[in-house]
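J.: 3D model of this:
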Amino acid sequence: MLEIRHLRTLAALRSAGSLVRAAQLLNLTQSALSHQIKLLEDRYGGPLFERKSVPIGFTATGARLLRLADTVLPEVEQAERDVTGLMQGDKGQLRVALECHTCFDWLMPVMDEFRARWPEVEIDLVSGFHSEPVDLLRSGQADLVIGSDYSAEPGNPYATFPLFRFEILTVMAQKHRLAGHRRLAAADFDGETLITYPVPEARIDLIREVLRPAGVAFQRRTAELTVAVLQLVASRRGVAALPNWAIKNYVDYDYVIARPVGEKGLWSDLYVSVPAALRQKAYVADFVKVIREQCAASLDGIHLLS
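T.: Down below sits the predicted model:
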């Protein structure tokens with residue numbers, strides 16, 4: 001029998017573009033997802049999509065089931081939100097603060113989708129540049145922070161929701177002295193000027209994880225806007241370390257070049273953190289769901305966290 005979960009599986013596969021990312025989006029193992037798809041294909045007597053096509057191409061059978069998913073799933077999800085609102089009175093506000101300032105690139109569409117889903121919940125960004133956004137949670141000036149996992153901090157009873165892992169790349173000018181390197185080691189940064197956001201060094205992965213442990217000497221210059229950081233990089237004022245999604249367009253258009261750090265790359269994890277009292281709110285969970293869905297569909301090179 002065709003079930004709602006089957007339609008969600010096909011929708012996730014279309015959105016994520018691969019079995020691996022669809023499994024992450026659905027919090028399933030890849031083998032469990034493959035088994036579910038095989039059962040569907042056995043039921044309908046043929047494949048639902050082309051295994052080797054990029055992006056995934058759906059067969060006539062798969063496309064027909066996707067049209068059903070597009071009709072049914074929005075109604076089911078809206079009904080679930082309506083029932084939750086009736087039972088829990090889920091009206092409120094989400095004041096969002098950012099630790100990862102490059103998140104602006106994908107956050108606006110997420111907020112638009114959330115407003116359409118939860119019109120009774122007021123969502124807005126906490127204005128200004130905040131070097132320690134967790135302080136806004138402590139003081140009650142923000143309801144939600146996108147950034148590190150704050151739940152383990154002593155005396156800070158925050159609930160966290162995992163989002164995704166992403167690679168941090170070193171960005172430099174086209175003719176920078178390190179441009180010929182395929183990968184960068186800590187020693188390559190010796191004497192360099194590192195252009196960063198004006199945040200504590202302990203929150204900058206390249207400094208905390210690579211440069212300080214290796215005892216590398218470097219200069220530091222700050223800028224609040226990503227575009228300003230990249231302009232300084234392009235004009236050979238220094239190098240920067242930024243998430244892969246934030247620099248993709250600039251690299252694609254040869255404005256700057258990017259190199260990984262270390263043999264395995266430099267990776268960071270992104271979370272949503274909220275006061276414990278908001279953990280059970282359905283609209284918080286749905287906000288996280290929208291982020292994961294939209295980022296899985298639009299950001300290359302990320303790995304959803306479970």
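J.: now the phi/psi pair for the nearest residue to D190 once chain neighbours are set aside, please.
T.: Among residues not flanking D190 along the chain, V216 sits closest, at 5.3 Å (C-beta to C-beta, 6 or more residues apart in numbering). Any C-beta I mention is one placed from the backbone N, CA and C, and that applies to glycine too. Main-chain torsions, V216, degrees, to the nearest 10: phi -80, psi 130.
J.: run a quick neighbour tally on V216.
T.: If you count neighbours by other C-beta atoms under 10 Å, V216 ends up with 19.
J.: could you measure from it over to A282?
T.: To A282, V216 is 47 Å away according to C-beta to C-beta, to the nearest Å.
J.: name the next helix or strand downstream of the longest helix along the chain, please.
T.: Criterion DSSP state H: the longest helix present in the chain is helix 60-88. Once helix 60-88 ends, the next helix or strand along the chain (criterion: DSSP states H and E) is strand 92-98.
J.: can I get that next one as PDB, trimmed to CA atoms?
T.: Output of strand 92-98 as PDB, limited to C-alpha atoms (Å, rounded to 0.1, in the frame of the first residue of the first chain):
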ATOM      1  CA  GLY A  92       4.800  33.200  19.300                       C
ATOM      2  CA  GLN A  93       8.000  34.700  18.000                       C
ATOM      3  CA  LEU A  94      11.400  33.600  16.800                       C
ATOM      4  CA  ARG A  95      14.100  36.300  17.000                       C
ATOM      5  CA  VAL A  96      17.000  34.700  15.100                       C
ATOM      6  CA  ALA A  97      20.700  35.600  15.800                       C
ATOM      7  CA  LEU A  98      23.600  34.400  13.700                       C
END
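J.: quick one: strands adjacent to that strand?
T.: Strand 92-98 pairs in its sheet with strand 121-125 (parallel), strand 144-147 (parallel), by DSSP bridges.
J.: buried by neighbour count: which residues of it qualify?
T.: Neighbour counts over strand 92-98 (16 or more other C-beta atoms under 10 Å) mark L94, R95, V96, A97, L98 as buried.
J.: re the thing from before, dump the strands paired with strand 92-98 to a markdown table, plus mean neighbour count.
T.: Output for those, formatted as a markdown table (neighbours: other C-beta atoms under 10 Å):
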| stretch | mean neighbour count |
| --- | --- |
| strand 121-125 | 15 |
| strand 144-147 | 24 |
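J.: out of those, which is closest to I56?
T.: Minimum separation from I56 across the strands paired with strand 92-98 (C-beta to C-beta) falls at strand 144-147, 28.7 Å.
J.: same question for whichever helix or strand comes after the closest one, mean pLDDT?
T.: Toward the C-terminus, strand 144-147 is succeeded by strand 158-172 as the next helix or strand (DSSP H and E). Mean pLDDT, strand 158-172: 95.
J.: so what does strand 158-172 touch, helix or strand wise?
T.: Judged by 3 or more C-beta pairs under 8 Å, 6 or more residues apart in numbering; DSSP states H and E, the packing partners of strand 158-172 are helix 226-234, strand 239-243, helix 244-252, strand 257-259, strand 266-275, helix 282-298, strand 303-304.
J.: what pLDDT, on average, does the fourth one get?
T.: What strand 257-259 shows for mean pLDDT is 97.
J.: same check on the last one?
T.: Strand 303-304 shows an average pLDDT of 92 in the prediction.
J.: pairing partners for that strand, with directions?
T.: Applying DSSP bridges, strand 303-304 is found paired with strand 158-172 (antiparallel).
J.: tell me what angle the strand it pairs with forms with strand 266-275.
T.: Strand 158-172 runs at 150 degrees relative to strand 266-275, counting by axes from the mean of the first three to the mean of the last three C-alpha atoms, to 10 degrees.
J.: for strand 158-172, buried residues please.
T.: Going by neighbour count (16+ other C-beta under 10 Å), the buried part of strand 158-172 is 158-161, 163-164, 166-172.
J.: closest to V288 among those residues?
T.: F161 (4.4 Å).
J.: wait, that closest one sits on Y271?
T.: Yes. Assessed by C-beta atoms under 8 Å, F161 is found in contact with Y271 at 6.4 Å.
J.: any low-confidence regions in this protein?
T.: 84-90, 152-156 (pLDDT under 70).
J.: how about JSON lines for the strands paired with strand 92-98, with distance to W267 added?
T.: Compiled in JSON lines, these are given as follows (distance: least, C-beta to C-beta, whole Å):
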{"stretch": "strand 121-125", "distance to W267": "26"}
{"stretch": "strand 144-147", "distance to W267": "15"}
